[in-house]
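Peer 1: Quick one: sequence and predicted model below, then my questions.
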Amino acid sequence: MQAINGRLARLVALAFLPAAVSCADVVYDNTQHTTLDAKGNGMFYRFSHEYGDDINLAPGYREVSRMTFEYFGDFDPSKVANASLTLRVYANDGVRALSNVTTSQMPSTLLWESDKTPLLPGYSIVSLDLPNVTVPDRFTWSVQFNGVTGAVGNSAGLILADPATIGAPLANGRFGSYWDAWVKSDPNKADSWSLINFGVGANDPKANFYVRVEAVPEPGVWTLLACGAGLLLAAGRRRSSR
């Protein structure tokens with residue numbers, strides 16, 4: 001019986017170890033319902049400024065370890081050199097863009113910024129690993145396309161998608177994100193963010209973007225999982241050695 005218990009302890013511990021090393025939860029997912037244009041392709045809008053969206057996460061972990069998003073590069077790489085993108089994550093702790101709307105706080109505190117990632121022509125899905133960035137329940141993610149002007153044939157744009165399938169329920173029947181997005185008009189002014197939409201009609205595209213957010217437990221939880229698994233393994237070895 002002791003040998004059986006020892007083997008069981010090792011099996012349980014081994015089952016926990018991968019979770020303690022690689023477990024991540026999807027806390028926001030808006031990748032299942034891409035908004036299509038008249039030709040059936042993913043829809044995008046061109047911007048020459050940094051822009052993005054604030055999203056509301058489902059209950060769970062808040063240490064973001066990976067973000068995945070999609071864009072379309074509308075440029076000829078033989079004519080546009082060194083084009084790139086930068087992903088940023090902000091807390092929405094700035095002043096209100098709309099004084100009477102409590103959920104309209106501008107992005108302000110920069111939580112994380114990626115290195116420049118080469119920009120490719122056509123449709124591209126990008127997955128970037130983050131260094132377990134702690135985020136609040138609601139935050140803004142943005143992308144800046146570098147080295148392109150924003151004009152037709154010299155631009156890029158995030159792919160639209162709606163509705164989200166994983167996120168937090170919001171007022172007025174919305175889920176995960178409202179139907180507007182953020183654009184920063186002046187990179188040197190923290191309060192130059194403004195809200196935009198692409199129309200208010202029922203058939204107008206919603207200003208939400210294709211994105212998935214994965215998060216892991218905070219460091220203290222990792223330690224407990226790893227230590228617990230280690231204790232189970234040690235206990236199993238002691239029993240089997242008797």
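Peer 2: Structure's in. What do you need? Numbers count the residues shown, from 1 in each chain.
Peer 1: Might you report the residue contacts of the residue lying closest to Pro169 once chain neighbours are set aside?
Peer 2: Nearest residue to Pro169 in three dimensions, chain neighbours excluded: Phe175, at 5.7 Å (CB to CB, 6 or more residues apart in numbering). Every C-beta, even on glycine, is put in place using the N, C-alpha and C of the backbone. Residues in contact with Phe175, defined by CB atoms under 8 Å, 6 or more residues apart in numbering, are 163-164, 167-169.
Peer 1: Out of these, which end up buried?
Peer 2: Among those, those buried by neighbour count (16 or more other CB atoms under 10 Å) are 164, 167-168.
Peer 1: List the beta-bridge partners for Ser142.
Peer 2: Note on Ser142: beta-bridge partners Gly52, Arg88, judged by DSSP bridges.
Peer 1: give the contact list for it.
Peer 2: 50-53, 87-88, 90, 107, 182, 184.
Peer 1: Kindly state the pLDDT recorded for it?
Peer 2: Ser142 is assigned a predicted lDDT (pLDDT) of 99.
Peer 1: And it, how far from Leu36?
Peer 2: The spacing between Ser142 and Leu36, counted by CB to CB, to the nearest Å, is 24 Å.
Peer 1: tell me the secondary structure for Asn172?
Peer 2: Of the three states, Asn172 takes helix according to DSSP: H, G, I helix; E, B strand; the rest coil.
Peer 1: burial of it, as a residue count?
Peer 2: Counted with other CB atoms under 10 Å, residues neighbouring Asn172 total 6.
Peer 1: Look at it and report its pLDDT.
Peer 2: pLDDT, Asn172: 88.
Peer 1: now do Val101
Peer 2: So Val101 comes in at 93 (pLDDT).
Peer 1: Same check on Leu233?
Peer 2: So Leu233 comes in at 46 (pLDDT).
Peer 1: ok, now Ala15?
Peer 2: Ala15 carries a pLDDT score of 48 in this model.
Peer 1: likewise Val200?
Peer 2: For Val200, pLDDT reads 87.
Peer 1: so how far is Ala161 from it?
Peer 2: Taking CB to CB, one finds Val200 at 19 Å from Ala161.
Peer 1: for Val101, same thing?
Peer 2: According to CB to CB, Val101 and Ala161 sit 24 Å apart.
Peer 1: Between those two, tell me which one has more neighbours.
Peer 2: Neighbours were counted for Val101 and for Ala161 using other CB under 10 Å; Ala161 has more, 25 against 11.
Peer 1: So what's the residue count around the closest residue to the more buried one other than its chain neighbours?
Peer 2: Distances taken as CB to CB, 6+ apart put Tyr210 closest to Ala161, at 4.1 Å, once the chain neighbours are dropped. When neighbours are defined as other CB under 10 Å, Tyr210 has 23 of them.
Peer 1: who's in contact with Tyr178?
Peer 2: For Tyr178, the contact set (CB under 8 Å, 6+ apart) comprises 54, 103, 170.
Peer 1: How about Leu36?
Peer 2: Applying CB under 8 Å, 6+ apart, the residues contacting Leu36 are 42-43.
Peer 1: That one and Ser192: what is the separation?
Peer 2: Noted for Leu36: a distance of 32 Å to Ser192, by CB to CB.
Peer 1: Then Trp179?
Peer 2: To Ser192, Trp179 is 22 Å away according to CB to CB.
Peer 1: out of those two, which sits in the more crowded spot?
Peer 2: Neighbour count, other CB under 10 Å: between Trp179 and Ser192, Trp179 has more, with 18 against 14.
Peer 1: Spatially, what comes nearest to that one if we skip its sequence neighbours?
Peer 2: Excluding the flanking residues, the one nearest Trp179 by CB to CB, 6+ apart is Lys206, at 4.4 Å.
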